[in-house]
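Colleague: here's my sequence, what's the structure:
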Amino acid sequence: MSSVSFVVRTAVQADVNAIFQLINELAVFEKAPHEVINTPEGLLHDGFTINPPLYTAQVSENAEGVILGFSLCYIRYSTWKGPVLYLEDLYVKESFRGNGIGKALFESCIEYAKANGYKRLTWQVLDWNRTAIDFYKKWNAVLDPEWINGSLNF
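Modeller: Residues are numbered from 1 along each chain as shown. Predicted coordinates:
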């Protein structure tokens, strides 16, 4: 595999369509493409129109300006720790994996959390995604098997 040159930067409004495309690729990877009901317009509104925005995102792009991956985070509050940053998604196009893009995006999230005074960075990983689990273990991350995730959809 040849090395890919890329930069990580904060996402801007013009990146919304590319991010949405990557969200759909991630949904296919996670075997749940039917679950995506958000739209580019929703992403634009929630991240760039309202103040404060509901999320922040980082993108990695190559020299030609093609978005290769993204991370999307938002603020949560822990009654035990205080403000924490939640990493909703980190995704790199399959053909560009293994070039350090995921590592750079994850490090960008860590730096953002530290710079903004968040007490923790949290995320979820599917139990069958061994590649992601191994990636997070390299960071000595705590992957807690005791908690069961719950949700209600409206």
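Colleague: helices of the protein, residue ranges please.
Modeller: Counting by DSSP state H, one finds helices in the chain at the ranges 16-29, 40-44, 101-115, 130-137.
Colleague: now for those, which one comes closest to Ser3?
Modeller: Among the helices of the chain, the nearest to Ser3 by Cβ to Cβ is helix 101-115 (11.0 Å). Every C-beta, even on glycine, is put in place using the N, C-alpha and C of the backbone.
Colleague: which residues sit against that closest one?
Modeller: By Cβ atoms under 8 Å, 6 or more residues apart in numbering, the surrounding residues in contact with helix 101-115 are 4, 6, 8, 56, 58, 60, 68-71, 73, 84-85, 87, 90, 92, 120-121, 135, 139.
Colleague: residue contacts, the residue nearest to Arg76 when sequence neighbours are not counted?
Modeller: The shortest distance from Arg76 to any residue other than its chain neighbours is 4.5 Å, reached at Tyr86 (Cβ to Cβ, 6 or more residues apart in numbering). By Cβ under 8 Å, 6+ apart, Tyr86 lies in contact with Cys73, Tyr74, Ile75, Arg76, Leu121, Thr122, Trp123.
Colleague: 7 Å instead?
Modeller: Counting by Cβ atoms under 7 Å, 6 or more residues apart in numbering, Tyr86 touches Cys73, Tyr74, Arg76, Thr122, Trp123.
Colleague: give me the pLDDT value at it.
Modeller: With respect to pLDDT, Tyr86 has a value of 97.
Colleague: who is it paired with across the strands?
Modeller: Bridge pairing for Tyr86 (DSSP bridges) gives the partners Tyr74, Thr122.
Colleague: show me the contacts for the residue lying closest to Leu44 once chain neighbours are set aside.
Modeller: Spatial nearest neighbour of Leu44, chain neighbours left out: Val16 (4.9 Å); criterion: Cβ to Cβ, 6+ apart. Residues near Val16 by Cβ under 7 Å, 6+ apart: Pro40, Leu43, Leu44.
Colleague: what residues of the helix or strand bottoming out on mean pLDDT in the chain count as buried?
Modeller: Ranked by mean pLDDT, DSSP states H and E, the weakest helix or strand in the chain is helix 130-137, scoring a mean of 93. Residues Ala132, Phe135, Tyr136 are the ones in helix 130-137 that count as buried (16 or more other Cβ atoms under 10 Å).
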